[in-house]
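1. After the sequence you'll find the predicted model.
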Amino acid sequence: MKVRFRFQTLEIWKKATEIGDRLMDIADRLEERRLFRFSEQMRSAALSVSNNIAEGSGSASNADFANFLNIAKRSAFENANMVLSFHRRRFISEEKAEALMEELEIECRMIESFRRKLKS
């Protein structure tokens with residue numbers, strides 16, 4: 001697809017959408033088990049990371065963009081908490097949980113690194 005917005009070129013946004021897709025797959029499986037509230041919460045948090053990166057990229061200042069990146073990072077932490085909670089409840093396998101936790105950790109480091117560059 002043609003690049004039309006700044007966020008489409010950002011590696012942190014691309015990574016967030018990849019992780020978000022995997023989290024949305026989990027949300028679909030939760031819904032199949034009729035765990036609608038869990039599914040809704042997972043979808044919301046999964047989209048929040050990439051949404052905040054996208055929204056922040058349209059900011060008029062780097063400081064404002066950095067604030068959106070902070071929100072995106074906090075949403076990644078929310079996703080990590082849900083992965084751990086759902087793993088404890090056996091809704092997610094250990095292998096899947098470990099892989100997602102690693103990806104979320106990498107995403108958080110990428111967001112923080114990018115945020116620091118904006119502020120310098």
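-> Sure thing, it's come through.
2. For the residue most central in space within the chain, which non-adjacent residue is spatially closest?
-> The structure's the chain has its C-alpha centroid closest to V49; by C-alpha atoms, centre = their mean the separation is 3.7 Å. Leaving aside its chain neighbours, V49 sits nearest to A16 (4.3 Å; criterion: C-beta to C-beta, 6 or more residues apart in numbering). For every residue, glycine as well, the C-beta is placed using N, CA and C.
3. If you count contacts, what does the helix or strand hosting that neighbour end up packed against?
-> Using DSSP states H and E, A16 sits in helix 11-32. Applying 3 or more C-beta pairs under 8 Å, 6 or more residues apart in numbering; DSSP states H and E, one finds that helix 11-32 contacts helix 36-57, helix 62-88, helix 94-119.
4. what's the angle from it to helix 94-119?
-> 150 degrees (axes from the mean of the first three to the mean of the last three C-alpha atoms, to 10 degrees).
5. what residues does helix 11-32 touch?
-> With contacts defined as C-beta atoms under 8 Å, 6 or more residues apart in numbering, helix 11-32 is touched by 7, 36, 38-40, 42-43, 45-47, 49-50, 53-54, 57, 69, 72, 76, 79, 83, 86, 91-92, 96, 100, 103-104, 106-107, 110-111, 114.
6. Which of the residues in that helix are classified as buried?
-> Across helix 11-32, burial judged by 16 or more other C-beta atoms under 10 Å covers I12, W13, K15, A16, T17, I19, G20, L23, I26, A27, L30.
7. Measure how buried the closest residue to A27 other than its chain neighbours is and give me the count.
-> Using C-beta to C-beta, 6+ apart and skipping the chain neighbours, the partner closest in space to A27 is M42 (4.1 Å). For M42, the count of nearby residues is 26 (other C-beta atoms under 10 Å).
8. M42 and V83 touch, don't they?
-> No - with contact defined as C-beta atoms under 8 Å, M42 does not reach V83; the gap is 9.0 Å.
9. and R6, how far is that from S48?
-> 19 Å (C-beta to C-beta, to the nearest Å).
10. circling back to that earlier point, could I get the CA-only coordinates of the helix holding A16 as PDB?
-> Taking Å, rounded to 0.1, in the frame of the first residue of the first chain, the C-alpha atoms of helix 11-32 are listed here in PDB:
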ATOM      1  CA  GLU A  11       9.500   0.900  12.500                       C
ATOM      2  CA  ILE A  12       7.900   1.300  15.900                       C
ATOM      3  CA  TRP A  13       4.500   1.500  14.200                       C
ATOM      4  CA  LYS A  14       5.200  -1.500  11.900                       C
ATOM      5  CA  LYS A  15       6.200  -3.600  14.900                       C
ATOM      6  CA  ALA A  16       3.200  -2.500  16.900                       C
ATOM      7  CA  THR A  17       0.800  -3.500  14.100                       C
ATOM      8  CA  GLU A  18       2.500  -6.900  13.900                       C
ATOM      9  CA  ILE A  19       2.200  -7.500  17.600                       C
ATOM     10  CA  GLY A  20      -1.400  -6.100  17.500                       C
ATOM     11  CA  ASP A  21      -2.300  -8.600  14.800                       C
ATOM     12  CA  ARG A  22      -1.200 -11.500  17.000                       C
ATOM     13  CA  LEU A  23      -3.100 -10.000  20.000                       C
ATOM     14  CA  MET A  24      -6.200  -9.600  17.900                       C
ATOM     15  CA  ASP A  25      -6.000 -13.300  17.000                       C
ATOM     16  CA  ILE A  26      -6.000 -14.100  20.700                       C
ATOM     17  CA  ALA A  27      -9.000 -11.800  21.100                       C
ATOM     18  CA  ASP A  28     -10.800 -13.700  18.400                       C
ATOM     19  CA  ARG A  29     -10.100 -17.000  20.200                       C
ATOM     20  CA  LEU A  30     -11.300 -15.500  23.500                       C
ATOM     21  CA  GLU A  31     -14.500 -14.500  21.800                       C
ATOM     22  CA  GLU A  32     -15.000 -18.000  20.400                       C
END
